[in-house]
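Novice: what shape does this take:
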Amino acid sequence: MAAVQPAQQGMPQQQGVNPAMGGQGQSVLPQGMTKEQVQQMYQKYQAMKRQGVPDTDPEMMKARTILQQIQQRQELMKRQQAYRQMQMKQQQQQQQQAAAMHNGDMSANGAAASQAEPPASNGTPQTTTQTAQPAQTTAGPTQTDGSQDGFSKDQMMTLRAQMQAFGHLQKNMPIPQAIQERIFTQKQNPKPAVADAVTAAGKVLDRTATPAKPADGESDGNPRHRFETFTDPHSLLLKQISYTDHTQRAYRPFIPSIMPLGVDPERVRDERENMVYNRVLARKNELSKLPANIGAWDTSKSDAPQDNANLKLKALIEYKMLSLLPKQREIRQKLSKEMMLSDNLSMTANRAMYRRVKKQSLREARVTEKLEKQQRDAAENKEKKRHNDFVNSIVRHSEDMRNSAAVHRSRNQKLGRLMQQTHMNIEKEEQKRIERTAKQRLQALKANDEETYLKLLGQAKDSRISHLLKQTDGFLNQLASSVKEQQRNMSQKYAPEPDEPEPEEPDSEDETKTKVDYYEVAHRIKEDVREQSTNLVGGILKEYQLKGLQWMLSLYNNNLNGILADEMGLGKTIQTISLVTYLIEKKKQPGPFLVIVPLSTLTNWNNEFEKWAPSVQRIVYKGPPQQRKNYQQQIRYGQFQVLLTTYEFIIKDRPVLSKIKWLHMIVDEGHRMKNAGSKLSSTITQYYHTRYRLILTGTPLQNNLPELWALLNFVLPHIFKSVKSFDEWFNTPFANTGGQDTMALTEEEQLLVIRRLHKVLRPFLLRRLKKDVEKDLPDKQERVIKCNFSALQSKLYKQLVTHNRIMVNDDKGRKTGLRGLSNMLMQLRKLCNHPFVFEEVEDQMNSSRMTNDLIWRTAGKFELLDRILPKFRATGHRVLIFFQMTQIMNIMEDFLRWRGLKYLRLDGSTKADDRSELLKEFNAPDSDYFCFLLSTRAGGLGLNLQTADTVIIYDSDWNPHQDLQAQDRAHRIGQKNEVRILRLISSNSVEEKILERAQFKLDMDGKVIQAGKFDNKSTNEERDEMLRVMLESAEAAENLDENEM
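Specialist: From the prediction side, this is the model:
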């Protein structure tokens, strides 16, 4: 150990080894090793330690093991030497004790004698002293005199404890606590003695040398305080360093105390191993707590849980694997120790390691190289063959998989087609059954067999149709009771007719059981009219006009009001005058009668009264205030039978006219009353008192059903009370053009609802068409002509749609946008008609404002008219052109004057007297006026222009019935030629949307009014056939639009 201690302190001096090895020769060194090899191994060990080689490195462990063996041998030799010395010392003590017992009698004065006598030359006193020394040693074994001849008892105990500790360390076992206490409880440091060799054996080889204690050199009498001995490491850094100084390494010191600590790889590895070990223990604990019936439950395959043994087996295998960890660690430790010992044994006992290496010849090198090349080529060929076999197996497997997938796919496709065909057959059979049942119901509905229809409906269990039928039946029953209540109230309010007894009313229970004819309830009092009254002298009424008179008299007799909705041109004015004369002559009812007409038709009404009933006293209530004041005096005295006036004077002179108790109120062009909240409607309803009301209109339904309800509510306010229920149950077939979630009705449901609506309207609405009553009246043909934009129109339209403005040049030549273009839809319509509506555009194109070719070259519609109008004139046709805007009429006047075509103009600014003069001029037999320019709203009502046979609608109205009214100015009774209607539409413009919306409104009118055939002579089969044709045509049009899209 004395030789190893300098090595532990970093002093590789081999001279210290010689004393330890002096008396023992070479027995201290391992077999086959010399002192030089030991010295090299020790230096190599120190170098690896300085380099930070971990302790688990094989070479590090091997060197440490050899050095520990050398150290153990040295300690063993020292123990043997100390043991021999102790035996020799004990023998000496025994000899001394025996000599002392032999001289016992001299023991009492032995001390005095020795003190009194001087030391003899033969050494007797020395012998006595030597004899006393062992006695002192025996008596006090703990006292040491510095001799190296023996150990004390405490030293022997410490030595034994150290030997036991080294034994545990050698076996890689922990040192017991008792042995540690015996080793480390020594308070005193042993004195330099023979025990140094023994205590040195307890030191570990890897312990670094302890630094020397600092010398106490500060004896100048002014010692430093112990709290002032610390030097701040930041003071070693200079406060200011120049840029050039910073480049030098000396000015950038490395101070470990203020630098961050490095990472210890060994500590990180240990922490990671501890973490992995803890995770293994946690997983093992988790697996041990799993239930024995662990399983999986796939809810997509079954509704009941199923036991799955795979999860349990997998968890059990994992638990067994984790349980083998301690045994694996133990085996690895044993293998490592055995390998270390094997390496040590091979180094010490293998003689072949110390042999001289035989020099290899060139031939052997070539043979070796050739063999290596052959082996390398064989290995490469084997690897290539293995790789090729692997690739070929993959290719074969992929082909097998593709073939198998193709077979599986074809089988699945075949099965899918079979299942699809089966389901399609089932659905077809079910659909056929449903369609067959629906056709049977539809046939029963068309045959008016309500009992069979209800029976089939009960079998089908169609809740929608049943609910629809129940609601409409309830509405009809409510209306029937309201009609009876209206008739009863009117009979009580006014004197009933003496010759018309009131029939008995059936009980309410009988009404629910038996079928009640709604029309018969309303028109239960009948009167047959075979000839007109004698005071109607203007001519002879036609058959359909007598039927109309009979229907109006039925309303009068049954205390009801109604709507005369004959098509334009069938003589509603004449029928109304015949009613007035019939009531005056036959019913002895002198009036007064109030006839409210538009201002444009007032003159026409006066002329018709003058022609057909000159004996009737009438007042044409119009003119300035003074003239009306004179009429008011005449009205107060009742010196009249009929009062003709306009809508405006009904409102303006309400205080005077509303005081009269009118017998009958007749409203011409009654679609003016379509808004129940308008001022005219509210004024008449609130202030005017009349027993009977009659509305004349050629277009009872223009936009929607609430407008029709407003007319019915005006004539029968006590029957048609709620617009909500009326619109809710009868507007459903026409509501499919609104939002995306609207309810679409089938043909059967639409037929059922519309038939119920016809039932509601038939007692109060009479409508005949010209094609039904006037067989000799020529047909009218309508054509929609799409005109292309001119280049200027196309460019301006694109600017307006894209940028919401039209760019023109100002006075300085800069581009600027037109101002005041707020209503963009109206601006687009203006642009479709003619770009010169915008004055700035006309100034840019035609600064001279002179009429020239630009007037028809800049507008597509004008270009078409420039080609067809001269042809119409050359062939003897006369033309009516209807406009929506007066600005276009002004431009058209310039065009006609430029072309030399004579024309007349009538718009809203034309006075009433001038209107009649214009009509006379145009209808005169020798009139040379070729063209008549009219505004749709002002010139489309109450005008007879049957001398013209061509109608051109320059721009369409939002309300299609306004255009129909305009068409019928020429297609009237008295027309000799076929009437052609040309509707001009600009292609790919907003006018196409307007026309599409107008067509929808006409479709609603066709289903509600036209299909109802309210002419009092059509059968149920004819009405149903008419309605079915309209529904089928509407569906065909929708399918055609979808196919085009």
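
Novice: correct me if wrong: residue 161 contacts residue 183.
Specialist: Yes: if you go by CB atoms under 8 Å, residue 161 and residue 183 touch, sitting 5.0 Å apart. (C-beta placed from N, C-alpha, C; glycine too.)

Novice: between those two, who's got more neighbours?
Specialist: Per other CB atoms under 10 Å, whichever of residue 161 and residue 183 has more neighbours is residue 161, with 21 against 17.

Novice: outline the domain layout of the protein.
Specialist: For the chain, the structural domains run 519-735+746-770, 776-810+818-1014, going by the TED database.

Novice: so can I have a markdown table of these showing distance to residue 55 and mean neighbour count?
Specialist: Shown next, in a markdown table, are the domains of the chain (distance: least, CB to CB, whole Å; neighbours: other CB atoms under 10 Å):
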| stretch | distance to residue 55 | mean neighbour count |
| --- | --- | --- |
| domain 519-735+746-770 | 93 | 19 |
| domain 776-810+818-1014 | 85 | 17 |
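
Novice: mean confidence score for the helix or strand harbouring residue 273?
Specialist: Assigned by DSSP states H and E, residue 273 belongs to helix 265-288. Mean pLDDT, helix 265-288: 93.

Novice: ditto for stretch 38-52
Specialist: 85.

Novice: ok, now stretch 527-546?
Specialist: Rounded mean pLDDT across stretch 527-546 is 84.

Novice: ok, residues contacting that stretch?
Specialist: By CB atoms under 8 Å, 6 or more residues apart in numbering, the residues outside stretch 527-546 that reach it are 549-550, 553-554, 557, 570-571, 574-575, 577-578, 581-582, 584-586, 608, 611-616, 768, 773, 1015.

Novice: now the end-to-end length of it.
Specialist: This stretch, stretch 527-546, spans 12 Å end to end (CA to CA, to the nearest Å).

Novice: what does stretch 531-551 give?
Specialist: Start-to-end, stretch 531-551 (CA to CA) is 14 Å.

Novice: do the same with stretch 966-976
Specialist: Using CA to CA, the distance between the terminal residues of stretch 966-976 is 18 Å.

Novice: got the contact list for it?
Specialist: Stretch 966-976 has contacts (CB under 8 Å, 6+ apart) with 567-571, 698, 770, 774, 777-778, 780, 782, 880, 882, 934, 936, 939-940, 943-946, 948-951, 953, 979, 981.

Novice: mind redoing it with 6 Å?
Specialist: 568-569, 778, 780, 880, 882, 936, 940, 943, 945-946, 948, 951, 979, 981 (CB atoms under 6 Å, 6 or more residues apart in numbering).

Novice: and of the residues you listed, the nearest to residue 268?
Specialist: The nearest member of the contacts of stretch 966-976 to residue 268, counting by CB to CB, is residue 936 at 95.9 Å.

Novice: what sits against that closest one?
Specialist: Contacts of residue 936 (CB under 6 Å, 6+ apart): 882, 884, 957, 962, 966.

Novice: leaving aside the residues adjacent along the chain, what's closest to the fourth one?
Specialist: By the measure of CB to CB, 6 or more residues apart in numbering, the closest residue to residue 962 outside its immediate chain neighbours is residue 936, 5.3 Å from it.

Novice: unless I misread the structure, residue 157 falls within a helix.
Specialist: Yes: assessed with DSSP: H, G, I helix; E, B strand; the rest coil, residue 157 lies in a helix.

Novice: burial check on the spatially closest residue to it that is not a sequence neighbour, number of neighbours?
Specialist: The shortest distance from residue 157 to any non-neighbouring residue, by CB to CB, 6+ apart, is to residue 182 (6.4 Å). Using other CB under 10 Å, residue 182 has 18 neighbouring residues.

Novice: just the pLDDT at residue 182, thanks.
Specialist: 82.

Novice: in which helix or strand would I find it?
Specialist: Counting by DSSP H and E, residue 182 is found in helix 177-184.

Novice: ok, residue 582 - contacts?
Specialist: Counting by CB under 6 Å, 6+ apart, the residues that residue 582 touches are residue 533.

Novice: which helices and strands sit right next to the helix holding residue 273?
Specialist: Applying 3 or more CB pairs under 6 Å, 6 or more residues apart in numbering; DSSP states H and E, we find helix 265-288 packed against helix 309-323.

Novice: distance between the helix it packs on and the chain's centre?
Specialist: 47 Å (CA atoms, centre = their mean, to the nearest Å).

Novice: could you do stretch 638-647 as well?
Specialist: The chain centroid and the centroid of stretch 638-647 are separated by 67 Å, computed with CA atoms, centre = their mean.

Novice: what residues does it touch?
Specialist: With CB under 6 Å, 6+ apart as the test, stretch 638-647 has contacts from 590-591, 593-595, 599, 602, 605, 616-621, 680.

Novice: so of those residues, which ones are in helices?
Specialist: Judged by DSSP state H, helices contain the following of the contacts of stretch 638-647: 599, 602, 605, 680.

Novice: mind checking pLDDT for the third one?
Specialist: Okay, so that is residue 605. 89.
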